[in-house]
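Enquirer: Sequence first, then the predicted structure:
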Amino acid sequence: MKWIKTDKELAQFTEVVKAAMNSADSTAGSVASPSTQPDVMEQLRKLGDLRAAGVLTDEEFAAKKADLLGRL
């Protein structure tokens, strides 16, 4: 992972991590339902923003994207 260089990048990263953790907590032990799709799509958008900002590498983005898409 590239180093976070600005407060904005840190805030974005923190937001994505919190969302991922909350999502994982809420779906633990259950099958993802169609109601989770908007949440997953929003997380993908945020991940894309982090990749575009240079906070995530392409490899990190791809790994998390695969994880999120596996929940649909």
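Expert: Cool, the structure landed.
Enquirer: Could you use CA atoms for every contact and neighbour count after this?
Expert: Fine.
Enquirer: how about the helix or strand hosting residue 10: buried residues?
Expert: Per DSSP states H and E, residue 10 falls inside helix 7-27. Neighbour-count burial for helix 7-27 flags 9, 12, 13, 16, 19, 20, 23 (criterion: 16 or more other CA atoms under 10 Å).
Enquirer: List of residues touching that helix?
Expert: Residues outside helix 7-27 that contact it (CA atoms under 8 Å, 6 or more residues apart in numbering): 4, 43, 46, 47, 50, 53, 55.
Enquirer: So for these, which is the shakiest by pLDDT?
Expert: Across the contacts of helix 7-27, the bottom pLDDT score, 68, is held by residue 4.
Enquirer: Filter the contacts of helix 7-27 down to the ones in helices?
Expert: Using DSSP state H, 43, 46, 47, 50 are the members of these that sit in helices.
Enquirer: biggest separation within these, which pair?
Expert: Largest separation among the ones in helices among the contacts of helix 7-27 by CA to CA: 43 and 50, giving 10.5 Å.
Enquirer: among the ones in helices among the contacts of helix 7-27, who's most crowded?
Expert: residue 47 (23 neighbours; other CA atoms under 10 Å).
Enquirer: That residue: what's it in contact with?
Expert: Counting by CA under 8 Å, 6+ apart, residue 47 makes contact with 16, 56, 61, 65.
Enquirer: min pLDDT across these, which one?
Expert: Lowest-confidence member of the contacts of residue 47: residue 16, scoring 79 (pLDDT).
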